[in-house]
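Student: fold the following for me, if possible:
(one chain, ligands or ions: 2)
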Amino acid sequence: MMDPNCIFCKICAGEIPSQKVYEDEDLLAFRDINPQAPVHVLVVPKSHFATLAEMDAAQAELLKKCFVRIPHIAQAAGLKDGYRLIINQGKDAGQTVFHLHIHLLGGAPMGEKML
Ligand code: 5GP
Ligand code: ZN
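Tutor: Ligands and ions are numbered 1, 2, ... in the order given. A predicted model of the protein is given here:
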């Protein structure tokens, strides 16, 4: 399902260009426009849902596929020595795009650690 007002739905549909790292029928991985690490990739299920709280059973299967594919996506993005995954949920976490996405960050040792 697509939300015509959603920027990541438009990226998945090819209506907004992106630097793709990986794509299949269920998910897309593309480079963040404002990278917070030497390698910063966003992994998104193509089916639109804003947060985990809004996810249905079929979308949960797609999210599982995202995680299963992430080691391959990390390799395709050139990450050889590890990476960090972040999923922001809602206002307090600073979520700005309300289409669920997994941040894949790496390419250098992480500095100040939050976790
Ligand atoms: P959030 O803050 O919602 O967890 O993360 C949204 C991310 O999407 C941000 O890191 C932001 O830089 C990225 N972003 C927003 N708009 C675009 C865009 O049009 N293209 C790409 N590649 N990334 C975007
Ligand atoms: Zn969307």
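
Student: next helix or strand past the top helix by length along the chain?
Tutor: Longest helix in the chain by number of residues (criterion: DSSP state H): helix 57-76. Using DSSP states H and E, the helix or strand that follows helix 57-76 in sequence is strand 83-86.

Student: convert the next helix or strand after that next one to CSV, retaining C-alpha atoms only.
Tutor: Counting by DSSP H and E, the element after strand 83-86 in chain order, helix or strand, is strand 102-106. Extracted as CSV, the C-alpha positions of strand 102-106 are listed here (Å, rounded to 0.1, in the frame of the first residue of the first chain):
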residue,chain,number,x,y,z
ILE,A,102,15.8,1.1,9.7
HIS,A,103,19.0,3.3,9.8
LEU,A,104,22.1,1.3,8.9
LEU,A,105,25.1,3.3,10.1
GLY,A,106,28.8,2.4,9.9
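
Student: where does the prediction get shaky in the chain?
Tutor: For the chain, applying pLDDT under 70 flags no range at all.

Student: swap the cut-off to 90 and go again
Tutor: By pLDDT under 90, the low-scoring segments of the chain are 1-2, 111-115.

Student: near ligand 1, which residues of the protein are found?
Tutor: 7, 16, 18, 30-34, 42, 88, 94-97 (C-beta under 6 Å from any ligand atom). From N, CA and C alone the C-beta is placed, and that goes for glycine too.

Student: list buried residues within the residues you listed.
Tutor: 18, 30, 32, 42, 88, 95 (16 or more other C-beta atoms under 10 Å).

Student: of the residues you listed, closest to residue 66?
Tutor: Of all those, residue 66 sits closest to residue 42, with 10.6 Å by C-beta to C-beta.

Student: how about the secondary structure of that closest one?
Tutor: For residue 42, the assignment made with DSSP: H, G, I helix; E, B strand; the rest coil gives strand.

Student: from memory it sits against residue 32, does it?
Tutor: Yes: if you go by C-beta atoms under 8 Å, residue 42 and residue 32 touch, sitting 5.4 Å apart.
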